[in-house]
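Enquirer: Make a model of this:
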Amino acid sequence: MPIIEVNHVTKEYQLGQLQSMKTTLFNKWRRLRGHSIDERPPFKALDDVNFSIEQGEVVGIIGHNGAGKSTLLKLLANISKPSSGTVQVKGKIAPLIEVGAGLVGDLTGRENIYLNGAILGIPKVEIRRKFDDIVAFAELEEFIDTPIKRYSSGMQVRLGFSIATSVESDILIVDEVLAVGDLAFQRKCFDRMEDLIKRQGKTVLLVSHNIRQVERLSGRAILLDHGQVAADGLPEVVCDLFFARSDEKIKTQIGDISTSSVSTEEFDLIDLKFINKHNCKIDRVESNSDVTASMHFRVHKELRNPTFGLGIHTPDFLYLATQNTENIKHYGTILPGEYVLRCKIIRFPFLPGIYSLRAGVTDGEAVRTVFYAENLFHFQVIPKAGGILTTSARDGFVTLDVDWSLDDIQACKLKEGR
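Expert: Sure thing, here's the model as predicted:
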């Protein structure tokens, strides 16, 4: 028996600014007289959405910004009503949609715990019983009798998360709240979520832009796209579809940087690209295959003992690898002119996804940077032809070249005994 049922749900909003009372009355008067008025087109945040969730299921809801994720959660939490269709929820809901939004600045942390607990439906007796645990989890023992307006934003969200996750509920609705506070507190939030999911068996709806996190915590995933359900099934399948669509979107949004923006008085980067064995430019690289990076540049002033560097980073600038010619290749003096530097990468180790190249040049004699730039060339890594994208190929950025062995300890002991 489903604990949540969503049947043909559509949620529409009117685009444009809100109208004044005067404008509204004037438009009604024009309608009565048979005159036409300029109608603002409706926007469908959700469009005929259908799904059901069984008790104890953990469902991740993913999609790009504006796909309808938060709108859906607000309907399930009864914060908003659908324009059409029905939403049926059986059981008590604890919504973690806007952590700390209900905190009152002039009240102390203690007073806010009781106030928010009452808003979330926690009996006063239960709040008293859980009070010390709420304060301890939020790490606010010294400040609990201080007005909230004197808290930092991190302190406020820690208190809000601690209160919300203390609710005894059947369904937990979580919207981008596992990234609150500093790294240590984020770890605590994640551990608490795992406890609610794996040990307490809560029904959980989880929205996060951290897709790997959704894949790890969820037993099922729903992909929303422009207000519609694009996919519903196993997390690894749905998340892979999301990554594939995201990769294509990134490729259409970003292009190679113009050479005019990557020049210095001494150095012009004319081109940076990947080439295949036929010397043709490619922007798709098979994982674990050989590929060559080619840097075409112009030198305006003499460089003595230069070092060339090449690096790879994600679109959000997470540095993944760096390699340079120092202690590997010595080029002595490079005179003014045009050159092409090639760097062959053996068994390119990165897993499928979108990546970018960065490059730099230093003058060895003066020990100074002649040129450095990031986001110079964007490329996509794809699975090797005929290869299968295994579970391990989704967990991380690189493949490991390993050799496994299994020994029977008892057999080894018998062999040594002989």
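Enquirer: Which parts of this structure are helices?
Expert: 21-32, 69-76, 109-119, 124-138, 153-164, 183-194, 211-217, 235-253, 409-417 (DSSP state H).
Enquirer: Leaving out sequence neighbours, find the closest residue to residue 81.
Expert: Excluding its sequence neighbours, the residue lying closest to residue 81 (C-beta to C-beta, 6 or more residues apart in numbering) is residue 75, at 7.2 Å. Backbone N, C-alpha and C define where each C-beta goes, glycine included.
Enquirer: Out of the helices and strands in this structure, which is least certain?
Expert: Using mean pLDDT, DSSP states H and E, helix 21-32 stands out as the lowest-scoring helix or strand of the chain, at a mean of 70.
Enquirer: and the nearest residue to residue 107 once chain neighbours are set aside, what does it touch?
Expert: Leaving out its chain neighbours, the residue that sits closest to residue 107 by C-beta to C-beta, 6+ apart is residue 148, at 6.1 Å. Contact partners of residue 148, counting by C-beta atoms under 8 Å, 6 or more residues apart in numbering, are 103, 104, 105, 106, 107, 108, 109, 112, 156, 159.
Enquirer: which two of those residues lie the greatest distance from each other?
Expert: Largest separation among those by C-beta to C-beta: 106 and 159, giving 15.0 Å.
Enquirer: Those two: which is more packed in?
Expert: residue 159 (27 against 9; other C-beta atoms under 10 Å).
Enquirer: how close does that one sit to residue 116?
Expert: 9 Å (C-beta to C-beta, to the nearest Å).
Enquirer: tell me, what's touching these two both at once?
Expert: residue 103.
Enquirer: before we move on, the earlier item: ok, the residue nearest to residue 81 - contacts?
Expert: Counting by C-beta under 8 Å, 6+ apart, residue 75 has contacts 6, 9, 11, 46, 81, 82, 87.
Enquirer: out of those residues, what pair is the most spread apart?
Expert: Largest pairwise distance in these, by C-beta to C-beta, is 13.1 Å, between 6 and 81.
Enquirer: the more surrounded of those two?
Expert: Remark: of residue 6 and residue 81, residue 6 carries more neighbours, 23 against 9, as counted by other C-beta under 10 Å.
Enquirer: List the contacts of that one.
Expert: 49, 50, 51, 52, 72, 75, 76, 85, 86, 87, 88.
Enquirer: Next up, phi/psi of the closest residue in space to residue 346 that isn't next to it in sequence, please.
Expert: Excluding its sequence neighbours, the residue lying closest to residue 346 (C-beta to C-beta, 6+ apart) is residue 290, at 5.7 Å. The phi/psi pair for residue 290 (degrees, to the nearest 10) reads phi -80, psi 140.
Enquirer: give the contact list for residue 290.
Expert: 277, 344, 345, 346, 347, 348.
Enquirer: Give me the neighbour count for the second one.
Expert: Other residues within reach of residue 344 by the criterion other C-beta under 10 Å amount to 10.
Enquirer: Now do it against residue 323, distance only.
Expert: 11 Å.
Enquirer: So, low pLDDT: which residues of the stretch 51-200 of the chain?
Expert: Counting by pLDDT under 70, the stretch 51-200 of the chain has low-confidence residues at 97-102, 177-181.
Enquirer: in stretch 279-293, what counts as buried?
Expert: 285, 286, 287, 288, 291, 293 (16 or more other C-beta atoms under 10 Å).
Enquirer: Alpha carbons of that stretch, as PDB, please.
Expert: Written as PDB, here are the backbone C-alpha positions of stretch 279-293 (Å, rounded to 0.1, in the frame of the first residue of the first chain):
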ATOM      1  CA  ASN A 279      46.500  14.200 -35.900                       C
ATOM      2  CA  CYS A 280      42.800  15.200 -35.900                       C
ATOM      3  CA  LYS A 281      41.300  17.300 -33.100                       C
ATOM      4  CA  ILE A 282      38.900  15.400 -30.900                       C
ATOM      5  CA  ASP A 283      36.700  16.400 -27.900                       C
ATOM      6  CA  ARG A 284      35.800  12.900 -26.900                       C
ATOM      7  CA  VAL A 285      38.300  10.600 -25.300                       C
ATOM      8  CA  GLU A 286      37.800   6.900 -24.500                       C
ATOM      9  CA  SER A 287      38.700   6.100 -20.900                       C
ATOM     10  CA  ASN A 288      41.900   4.100 -20.700                       C
ATOM     11  CA  SER A 289      43.000   4.900 -24.200                       C
ATOM     12  CA  ASP A 290      46.000   6.800 -25.300                       C
ATOM     13  CA  VAL A 291      45.600  10.500 -26.300                       C
ATOM     14  CA  THR A 292      47.900  13.400 -27.100                       C
ATOM     15  CA  ALA A 293      47.500  17.000 -25.900                       C
END
